[in-house]
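1. sequence and computational prediction follow.
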Amino acid sequence: PVTIDVWRKLESAIERYNSTVTEEKNGFVKRLAGFFAERIYIREYPEGELGAAVVGFINRAGSGAAGLEYSMNSTLTGVNGEYTYANAAGTIIPGTQKITSEAIRGNTIRLTIDRDVQWVAQEAIRTVVKSSRALSGTVVVMNPKTGEILAHASYPSFEPGNTKGVDPYRWKNPSVQEVYEPGSTGKIITIASAIEEGKIAPETVMTIPYKLKRSNKVFHDHEPHPVQKLTLAGALAVSSNTGAIKVGEMLSNDKLHSYLKKFGIAEKPGSGLPGEETGKLLDVSDWSGTTAPTVAFGQGYSLTALQATSVFATIANDGVRVTPTVIAGISDAAGRYTPANKQKSVRVISADTAQKMRLMMESVVSASGTAPAAAIPGYRVAGKTGTAQRHNDSCGCYRGYTASFIGFAPADKPEFVVSVTIEVVEVQEKFLDIKQSGIWNLGTGETKSFLDIAIEIGQAIPSVVSHVPMPKELQASYQEYTCADLTLLNKALYESNG
């Protein structure tokens, strides 16, 4: 703050300057009219980087400039009061002030974010991004039943109270503002749609070739293999592209497109966070001969990390999609708290189909699945890995990768959904390995897996770790599972669930 002595010195300096400059030729136009105080606003953010992309910050004028500070500015901002007074030569005459309108304090917004879970998520994604030398990464933790977002972390981040010199890119919230092609996590939509339409069952045995030609393009699996006989659950466990294409072909293009829309693709999630992107999904009339097979295994359309999390939350919530939210409620100036309205929900698939999907997704974290390290011994975890080339608008080409794992636990009665997404730039595919569901640099060997994150989050949410574990009689078959036993494993899982 400027003291009265400093203020008087400034006034004297201006007077001396004006006296001197007026003696010069045309000096009058150089005179300073005066020295006035400028009101600026500063907000304290005691949690620092924790949830910075969600909270945002205010500018020097006191208005929200990013995050919820921006989108909820009218709710947070109060109304200035007014008063009149008599003055003598610019000085207020004491006792003449009269308030004409009282100031109204702004409201306080309570978030759904859990501080402990947010801290775990923030530290986890920081570790992953740094060790893999990635562009960015996000972690979203969501309650599938209520749509409440318990954590919404991204890295790199920033200090909301100190944004000077910070690259504005860091102010963005990548989980709602950056789109990517989901890759194999998108196979969940294709398979759920086909099961819902009665076209296939988890135990259905499929013939899975290494490659398939559709229109003028040859599609293939990640690694060469002979023609395989796998159940649908097995094709999902090993993340077969050709298997997903064959499942997608059981549906018409219109039907597949309609399910993508039902799952929330190409529409804003409605979380209350600013800058939400819709992603892109071509109208069926614009599909080419390669669009349907491409879409079937998770490319050819784009979404945000929050949209992808919502897809898995729908499976976890017995097929009902609940609009995600970060707003728990609002307290007025008097402290009266009003909880937010219940989030909008819509049924996408039946509870039976959702249960089948959850059981199948448990095989992904088995010993022969693509994410064995996501398994938590003694507990039932379900999820799906995804790796997709990322489209670069500057060159109109694919450059870099988006790697992700989205899972939920406990699989039989999900309490939370965890989405981990990382954007890697200019990295050869051999340097990415998501088979352990943790994305790391093979040169350093450092990793932060879904298992690590889930366990830490489980410690922050006691109801999760206290949940009933997988039956002991199933644990042996769960650990010894191989692609050849997929039908038996699925049968055992179904029988254990009654």
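-> Nice, thanks for sending it over.
2. rest of the way, CA atoms for contacts and neighbours
-> Will do.
3. ok, the closest residue in space to residue 92 that isn't next to it in sequence to residue 5 distance?
-> Leaving out its chain neighbours, the residue that sits closest to residue 92 by C-alpha to C-alpha, 6 or more residues apart in numbering is residue 86, at 6.0 Å. Distance, residue 86 to residue 5, by C-alpha to C-alpha, to the nearest Å: 26 Å.
4. now do residue 242
-> 79 Å.
5. higher neighbour count, those two?
-> residue 242 (24 against 9; other C-alpha atoms under 10 Å).
6. so what touches the strand or helix carrying that one?
-> Assigned by DSSP states H and E, residue 242 belongs to helix 241-248. Under the contact criterion C-alpha atoms under 8 Å, 6 or more residues apart in numbering, helix 241-248 has outside partners 184, 187, 190-191, 194, 200, 206-212, 219-222, 232, 235-236, 256, 292-294, 296-297.
7. now the longest strand along the chain: buried residues?
-> Taking DSSP state E as the criterion, the chain has its longest strand at strand 397-409. Buried residues in strand 397-409, counted by 16 or more other C-alpha atoms under 10 Å: 399, 400, 401, 402, 403, 404, 405, 406, 407, 408, 409.
8. one step back: next SSE after the helix holding residue 242?
-> Next along the chain from helix 241-248, counting by DSSP H and E, comes helix 253-262.
9. list the contacts of the helix or strand just after that next one.
-> Downstream of helix 253-262, the first helix or strand assigned by DSSP H and E is helix 291-296. For helix 291-296, the external contacting residues (C-alpha under 8 Å, 6+ apart) are 186, 187, 190, 214, 244, 245, 247, 248, 249, 253, 300, 301.
10. ok, of the residues you listed, which come out buried?
-> 186, 187, 190, 244, 245, 247, 248, 253, 300, 301.
11. JSON lines for those residues, including pLDDT?
-> Formatted as JSON lines, those follow (pLDDT from 0 to 100):
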{"residue": "186", "pLDDT": "96"}
{"residue": "187", "pLDDT": "97"}
{"residue": "190", "pLDDT": "98"}
{"residue": "244", "pLDDT": "97"}
{"residue": "245", "pLDDT": "97"}
{"residue": "247", "pLDDT": "98"}
{"residue": "248", "pLDDT": "98"}
{"residue": "253", "pLDDT": "97"}
{"residue": "300", "pLDDT": "93"}
{"residue": "301", "pLDDT": "95"}
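12. TSV for the residues you listed, including distance to residue 164?
-> Shown next, in TSV, are the buried ones among the contacts of helix 291-296 (distance: C-alpha to C-alpha, whole Å):
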residue	distance to residue 164
186	39
187	43
190	46
244	48
245	49
247	52
248	50
253	50
300	39
301	37
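13. most widely separated two among the contacts of helix 291-296?
-> 186 and 214 (19.2 Å; C-alpha to C-alpha).
14. picking that back up, ok, so of the contacts of helix 291-296, who is nearest residue 41?
-> Out of these, the member with the shortest distance to residue 41 (by C-alpha to C-alpha) is residue 301, at 42.8 Å.
15. pull up the gap between the closest one and residue 317, please.
-> Counting by C-alpha to C-alpha, the gap from residue 301 to residue 317 is 24 Å.
16. who's in contact with the helix or strand residue 354 falls within?
-> According to DSSP H and E, residue 354 maps onto helix 351-362. Contact with helix 351-362 is made by 188, 192, 195-196, 202, 233, 236-237, 315-319, 380-384, 411-412, 490, 493-494, as judged by C-alpha under 8 Å, 6+ apart.
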